[in-house]
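J.: fold the following, please.
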Amino acid sequence: MDDISDIHYGPLPPDSPYVKPFRFHYTQNGKAKSWDLLKVHDSVSIVIFNVSRQRLVFVKQFRPAVYHGLVSAEAGTDGTKIDLKKYPPSLAVTLELCAGIVDKPISWVEIAREEVLEECGYDVPVERLEEIISYRSGVGTSGALQKMFYVEVTDGDKVPSAGGGVDDEIIEVVEYSLEEARNLLQKGKMLSSPPAFLFGVLWFLTHRAPGCTS
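T.: Numbers count the residues shown, from 1 in each chain. Sure thing, here's the model as predicted:
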């Protein structure tokens, strides 16, 4: 996963299917203002709990945006001056919920079901997926909508040949015990994880974890 080299930057092509930058103009209290925004896909995320082994199921993957955030202070404008020994790509391998973009003409819960199968290898019917909450991510740049789901899986739901992503995705499936998940929320913890991941873990420990009082 972190066998990465030949890092360099380039201009964003206008036909990018994922990101479209633009400038938003408006007038507030009589003053003209503008804000630079990104049009991106809405998305789903899924909190997965394996009841057979009492483990939360997460994914790990290399995130270029996280890596750029780590090295941007000293990288050249084209990215070719990055010291890969000082900043190994493994620093940008993130721990996340199973998730995916909404880019198909099917329901959000069906997209969530597909992501659970493609990324983590569990084949479950949509009826077992519970919608938790909807919220806006990237409120300063995109305001994209994300819906979070919850599903309980068993070892019997596992498809041996599935999981790890599709096409050229490289995704590692990992499992955490309840205690390991609680440790992720310790005060002062430093994680390369998105807020939705932390929110999902906290929601599970508060509302669905075995023994919780909610």
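J.: how far does the lowest-mean-pLDDT helix or strand in the chain sit from its chain's centre?
T.: None of the helices or strands of the chain scores lower by mean pLDDT, DSSP states H and E than helix 64-71, at a mean of 91. Between the centre of helix 64-71 and the centre of its chain there are 15 Å (C-alpha atoms, centre = their mean, to the nearest Å).
J.: give me the contacts around it.
T.: 7, 75, 79, 82, 87, 89, 91, 92, 94, 192 (C-beta atoms under 8 Å, 6 or more residues apart in numbering). C-betas here are computed from N, CA, C, even on glycine.
J.: which among the residues you listed gets closest to residue 209?
T.: residue 94 (22.7 Å; C-beta to C-beta).
J.: so how far is residue 58 from that closest one?
T.: Taking C-beta to C-beta, to the nearest Å as the measure, residue 94 and residue 58 are separated by 10 Å.
J.: show me which of these two is the more surrounded one.
T.: When neighbours are counted by other C-beta atoms under 10 Å, residue 94 and residue 58 differ, and residue 58 comes out ahead with 25 against 19.
J.: tell me where the model's unsure across the chain.
T.: Where the chain drops to pLDDT under 70, the residues are 76-77, 212-214.
J.: just list the residues touching residue 149, thanks.
T.: 44, 45, 46, 47, 109, 112, 129, 130, 131, 132.
J.: and the strands in this structure?
T.: Ranges of strands in the chain, per DSSP state E, are 20-28, 31-39, 43-50, 55-62, 93-96, 98-101, 130-137, 144-153, 172-176.
J.: winner for burial among the ones you listed?
T.: strand 43-50 (a mean of 24; mean count of other C-beta atoms under 10 Å).
J.: strand 55-62 and that one, what's the angle between them?
T.: Between strand 43-50 and strand 55-62, the angle comes out at 140 degrees (axes from the mean of the first three to the mean of the last three C-alpha atoms, to 10 degrees).
J.: what packs against strand 43-50?
T.: strand 55-62, strand 98-101, helix 108-115, strand 144-153, helix 195-207 (3 or more C-beta pairs under 8 Å, 6 or more residues apart in numbering; DSSP states H and E).
J.: thinking again about what came up before, so which of the contacts of helix 64-71 wins on neighbours?
T.: Among the contacts of helix 64-71, the one with the most neighbours (other C-beta under 10 Å) is residue 92, at 21 neighbours.
J.: who's in contact with that residue?
T.: Here residue 92 is in contact with 62, 63, 64, 66, 67, 70, 192 (C-beta under 8 Å, 6+ apart).
J.: now it: how far from residue 4?
T.: Residue 92 sits at a distance of 9 Å from residue 4 (criterion: C-beta to C-beta).
J.: please enumerate the shared neighbours of these two.
T.: Joint contacts of residue 92 and residue 4 (C-beta under 8 Å, 6+ apart) are residue 62.
J.: hmm, back to that, want to throw the contacts of residue 149 into TSV with distance to residue 19?
T.: Output for the contacts of residue 149, formatted as TSV (distance: C-beta to C-beta, whole Å):
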residue	distance to residue 19
44	18
45	19
46	23
47	26
109	25
112	22
129	28
130	31
131	26
132	27
